[in-house]
Structure formats: C-alpha cells, structure tokens
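Student: Provided below for reference: sequence and predicted model.
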Amino acid sequence: MPEFAEPVFGYTVQDHWLLSRVTRIVTAMSLATRTDQFLGHTRSEACGHAEGETTSEPRPSTLETLSPSRAADFKQCPRLFRFRSIDRIPETPSTYQARGTAAHLALERLFDLPAEKRTASRLFDLFREAWTSLRSTTEYSGLFETMEEERAWGIESLGVIANYLTLEDPVSISPLDSELEMSEEVGDIVIRGILDRLDERPDGHLVITDYKTGSAPPERFALTAFFALKIYALLVRSRFGRTPAELRLMYLGNSTVYSIPVSDRMLDGMERQLLALATAIRRAISRYNFPPRPSVLCGWCSFQDICPAFAGIDNRQARETQLTTNN
Ligand code: SF4
C-alpha cells in the first residue's frame with residue numbers, strides 16, 4: 001500500500017501550472033450548475049416553495065444551456081434537478097467527491113508526462129499534489145476534522161488510484177485530449193461539459209473514457225450510467241465530425257470497466273431524447289413543477305432531508321446501495 005504522508009499536508013506545491021488546473025477543474029465541476037442560467041436560493045428559502053406556488057422570488061424563465069450531468073439529474077428525478085439547478089441549494093462536499101476531484105487532476109496530469117514517466121509512484125505523487133492544492137480551497141477546507149481522518153482517507157484514496165493501473169497501462173496510451181471543455185449547439189440548446197479523456201485507437205477510431213472513483217453498479221444498471229457519456233459522444237460528433245466508436249466507464253473503486261459501442265443511429269436517438277428532455281425541463285420551469293421520482297438512486301441524493309418523497313421509499317435499500325457503491 002502506498003504511503004500518504006508528508007508533504008501532502010503542507011502547502012509546498014511549487015507547480016503553478018497544477019494550481020491553475022485545480023482552479024479550472026474545481027470551477028468546471030460547478031460550471032454545469034452556473035451555466036444552466038438559473039437563479040439561486042438558500043436551502044431554507046427553497047424549502048418554503050410549494051409546487052405551482054406563486055412567489056416573489058425570481059425564478060428562471062427559460063433554459064439556454066444544459067450539461068450532461070444536469071440532464072441526467074432531470075432524467076433521474078425532476079425534484080433533484082430542481083433542488084440542484086433551479087433552487088441551487090448548496091451541497092456539502094463529501095470525501096468521495098474530494099477523492100474524485102483529486103483523482104481526475106492526477107490522471108490528467110499523468111498524461112501530460114512523457115510515456116516513460118507515467119509510473120505508479122509518479123501517479124501517487126500527482127494525487128498528493130492535487131490534494132495539497134484542493135484541501136485549501138473554499139470547497140474542501142474543513143472536510144476532515146482530524147489529521148488522522150485525512151490520512152486514513154488519503155491512504156484509501158491511493159489504493160483506489162492504484163486500481164487504475166490494473167485496468168490499463170498508461171505508458172501505452174496517447175490521449176488526444178484530457179479534461180476537454182465541450183460546448184456545442186444541439187437544436188435550440190447549448191450543451192456544455194468537460195469530457196474526461198478522448199483517445200484515438202490504433203485503428204483510427206475515437207474512444208471516450210470517463211473515470212469514476214467509486215465502484216461499478218451491478219451490470220443491470222450499467223447502461224443507465226452511460227447516459228451522460230452518450231451526450232458527450234454527440235458533442236464529439238458535432239465538433240469533430242467523427243462518430244466515436246466506443247464509450248468506456250472506468251470504475252477505479254473495484255477495478256471494473258464497462259464499455260459499449262457507439263453508432264450514428266444511437267447518437268441520432270440520443271439527440272432526439274436530449275431535445276425532448278430540454279422541452280420537458282422548459283415545461284417544468286414554466287410550471288414550477290418538478291415531481292420527485294424516488295428510486296434506489298435516492299441513496300446518493302444530498303437532499304433526502306428536504307425531499308417530501310424520500311421518507312416514503314424503502315430507505316434501507318437506498319442506504320445499503322449507498323454504502324456499497326458510494327461514488
Ligand atoms: S431523495 Fe430521491 S426523490 Fe427525493 S429529490 Fe432525491 S432523488 Fe429525488
């Protein structure tokens with residue numbers, strides 16, 4: 001097991017390039033919400049709004065931009081979408097999110113190195129450096145109460161990062177781009193997001209890879225997890241005029257890769273689905289009607305305490321799912 005010790009707890013990172021990347025990625029991870037052009041309220045203000053209620057609070061009247069992850073929110077549960085994107089209720093960052101952000105930074109940086117330097121020890125160093133930068137940001141400062149908690153989290157995180165090296169050999173990979181900012185018009189809406197990695201296979205076909213630091217869901221739920229990646233494939237086709245051949249979800253938590261092939265027919269269907277979703281979101285906004293859609297995914301939801309539907313679902317099942325596959 002790699003060590004997670006000094007200098008991770010110091011503020012000694014000299015690499016300003018990395019610091020600027022940290023800022024960009026942390027900003028980007030909340031970009032989806034901000035670019036949805038919605039107005040924010042506090043949690044207590046939002047809780048006071050009933051469906052269809054007239055209020056003096058300013059509310060968004062339209063939808064101009066959308067991110068793949070916010071589109072996935074609405075598809076999963078319109079009330080979740082409302083809490084996150086309309087009411088913009090602050091969510092407390094979790095240790096899982098912190099691990100995900102630091103891991104994405106480390107993997108992005110890894111592929112900026114010459115192939116022969118992409119070693120395990122360098123990857124661990126990159127993770128430590130990424131966390132050293134993140135831990136002092138507004139979002140993540142105060143995440144851990146004690147140094148011991150932080151250290152235990154760090155050691156566990158390095159174990160998760162080590163799993164990456166069991167899934168592929170970074171020496172043999174030459175990504176076309178990492179953390180690629182996408183912004184494309186699809187019909188009458190702009191879709192924006194950040195794509196983890198775009199590769200070109202030796203046969204010339206494009207592959208989109210998305211890293212997850214959690215564990216893979218059971219296979220019967222795997223296809224649902226590709227929803228956002230299919231939107232990214234649509235954006236890639238729109239920007240580069242090339243249809244990706246493959247989408248990959250790489251779960252570092254339990255060293256699992258799910259992969260599906262892509263076709264133009266699939267992406268045409270995705271485009272229709274996306275436009276229908278945008279219409280449904282606009283209708284929901286105009287009526288301020290976002291019904292909750294409880295499911296096993298409620299186990300991951302940050303808004304359980306204010307959701308009127310959460311108490312009515314099988315919480316035990318949701319919590320068990322959360323414990324086993326927390327992302
Ligand atoms: S707890 Fe479930 S039903 Fe309620 S907002 Fe969250 S995902 Fe939707």
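Tutor: Structure received. Residues are numbered from 1 along each chain as shown.
Student: quick check: nearest residue in space to residue 187, chain neighbours excluded?
Tutor: Leaving out its chain neighbours, the residue that sits closest to residue 187 by C-beta to C-beta, 6 or more residues apart in numbering is residue 275, at 4.7 Å. C-betas here are computed from N, CA, C, even on glycine.
Student: doesn't the one you found belong to a helix?
Tutor: Yes - membership of residue 275 in a helix is supported by DSSP: H, G, I helix; E, B strand; the rest coil.
Student: what's the closest non-adjacent residue to residue 195?
Tutor: For residue 195, ignoring the flanking residues on the chain, the nearest one in space by C-beta to C-beta, 6+ apart is residue 180 at 4.5 Å.
Student: so how far is the helix or strand that contains the one you found off the chain centroid?
Tutor: Taking DSSP states H and E as the definition, residue 180 sits inside strand 177-186. Here the centre of strand 177-186 is set off from its chain's centre by 14 Å, with C-alpha atoms, centre = their mean, to the nearest Å.
Student: which segments of the protein make up each domain?
Tutor: Structural domains assigned to the chain are 1-173+181-192+273-327, 193-272, following automatic domain parsing.
Student: now do the helices in the stretch 51-200 of the chain.
Tutor: Secondary structure of the stretch 51-200 of the chain (DSSP state H, counting those that start in this stretch): helices located at 68-76, 78-81, 95-110, 120-134, 147-167.
Student: is the shortest one in proximity to the ligand?
Tutor: Yes - contact between helix 78-81 and the ligand is present through 79, 80 (criterion: C-beta under 6 Å from any ligand atom).
Student: what's that helix packed up against?
Tutor: Contacts defined by 3 or more C-beta pairs under 8 Å, 6 or more residues apart in numbering; DSSP states H and E place helix 78-81 against helix 68-76, helix 264-287.
Student: now do that helix, average pLDDT.
Tutor: In this model, helix 78-81 has an average pLDDT of 97.
Student: do stretch 65-74 as well
Tutor: Mean pLDDT, stretch 65-74: 95.
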